[in-house]
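Visitor: Here is my input; please provide its structure:
(one chain, ligands or ions: 1)
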Amino acid sequence: MAHDFETILYEPADGYAVVTLNRPDKLNAFNDQMHAELRAAIDAAEADTAVRALVFTGAGRGFCAGQDLGDRVLSEGEGPRDTGAGLEANYNPLVLRLRGLAMPVISAINGVAAGAGCNFALAADIAFAARSARFIQAFVKIGLTVDCGGSYFLPRSLGSQRAMGFAMTGDPIEAEQAADWGLVWKCVDDDTLMEEACGLAARFGAMSSVALDLIKRSINASATNDIATQLALEAELQREAGKAPDYQEGIRAFLEKRAPNYHP
Ligand code: T3D
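Guide: Here you go, the predicted model:
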């Protein structure tokens, strides 16, 4: 189905779809229209059973520079803006949607990722960074605190010292360092970024969607569960996996020494 998006591109491929943030002259900064179009693109992906993984990337030299600050200048006499309201309306539901989506979400970070653009990239399940990409918690430079899930994800992936330093200085982290620190899955050469990200999305598209969804739910839940609760959840989710046809197909394929066909 064709989509009339102006701030993003939505391109279904074989087993997955690519969403490209497409405001390159603003380094793909978010505005309200982009948020609405992202919601519609995710709706389209969810409604299409042929889309079993989602890739996010940016057009031009940047991935995303966070909130479009041009939309945040107050006019003469205008009172202070409720900056929490924009998070509640747009960013928070976006992060929760990505984490709750029953398919793998991959970010292909092609260039600078700053502010909410950085944390949106890191809210993906798997993040690939082009070698020339850089990450900036830009909030502090404009008198804001970390948002878009950064205060949740950063200490979990980096530990508290690195998370604090990254957020409090606003200094950039280069892609190779981001990979060394565990902020992203892999740093790859710029010219192989989309091949790597889409290659993995295509692999996910052919794998058991049931297994991928349950793995995502399990690992996400572990962030706040104690060991007993997590073990109970593993049993519950494995029960769910065991009832789905994918498990039997996986076993048969193994015993018959063939590739499984999870999407006949
Ligand atoms: O109010 C609320 O909703 C609260 C929520 C906030 C969420 C947030 O994301 S707050 C953080 C917002 N983002 C930033 O503070 C980052 C601002 N951008 C930068 O610091 C730099 O642009 C970068 C470090 C990302 C990249 O630097 P550089 O030198 O590679 O590029 P540049 O020349 O600064 O930017 C290129 C163009 O993009 C430029 O426009 P021009 O001069 O060519 O017409 C620049 O103004 C524009 N641009 C970059 N970021 C934004 C932007 N325009 C609007 N909003 C931006 N965030």
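Visitor: Any idea how many residues pack against residue 102?
Guide: 13 (other Cβ atoms under 10 Å). Quick note: C-beta positions are derived from backbone N, CA and C, even for glycine.
Visitor: is it true that it lies in a helix?
Guide: No: under the criterion used here (DSSP: H, G, I helix; E, B strand; the rest coil), residue 102 is coil, not part of a helix.
Visitor: For the ligand, see how far away the residue nearest to it when sequence neighbours are not counted is.
Guide: The shortest distance from residue 102 to any non-neighbouring residue, by Cβ to Cβ, 6 or more residues apart in numbering, is to residue 213 (4.3 Å). Applying Cβ to the nearest ligand atom, to the nearest Å, the value for residue 213 to the ligand is 29 Å.
Visitor: Name the residues of the strand or helix carrying residue 213 that are buried.
Guide: Using DSSP states H and E, residue 213 maps to helix 209-222. For helix 209-222, burial by neighbour count (16 or more other Cβ atoms under 10 Å) applies to 209-214, 216-218.
Visitor: In JSON lines: those residues, plus pLDDT.
Guide: What follows is the buried residues of helix 209-222, written out as JSON lines (pLDDT from 0 to 100):
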{"residue": "209", "pLDDT": "98"}
{"residue": "210", "pLDDT": "98"}
{"residue": "211", "pLDDT": "98"}
{"residue": "212", "pLDDT": "98"}
{"residue": "213", "pLDDT": "98"}
{"residue": "214", "pLDDT": "98"}
{"residue": "216", "pLDDT": "98"}
{"residue": "217", "pLDDT": "98"}
{"residue": "218", "pLDDT": "98"}
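Visitor: Closest one of these to the ligand?
Guide: residue 216 (25.2 Å; Cβ to the nearest ligand atom).
Visitor: Not counting sequence-adjacent ones, nearest residue to the closest one?
Guide: residue 125 (6.0 Å).
Visitor: what's the neighbour count on residue 206?
Guide: With other Cβ under 10 Å as criterion, residue 206 counts 17.
Visitor: dump the residue contacts of it.
Guide: With contact taken as Cβ atoms under 8 Å, 6 or more residues apart in numbering, residue 206 is in contact with 15, 262-263.
Visitor: What's the ChimeraX syntax to select whichever of those are buried?
Guide: Entered in ChimeraX, the line below selects the buried ones among the contacts of residue 206, by 16+ other Cβ under 10 Å:
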select :15,262
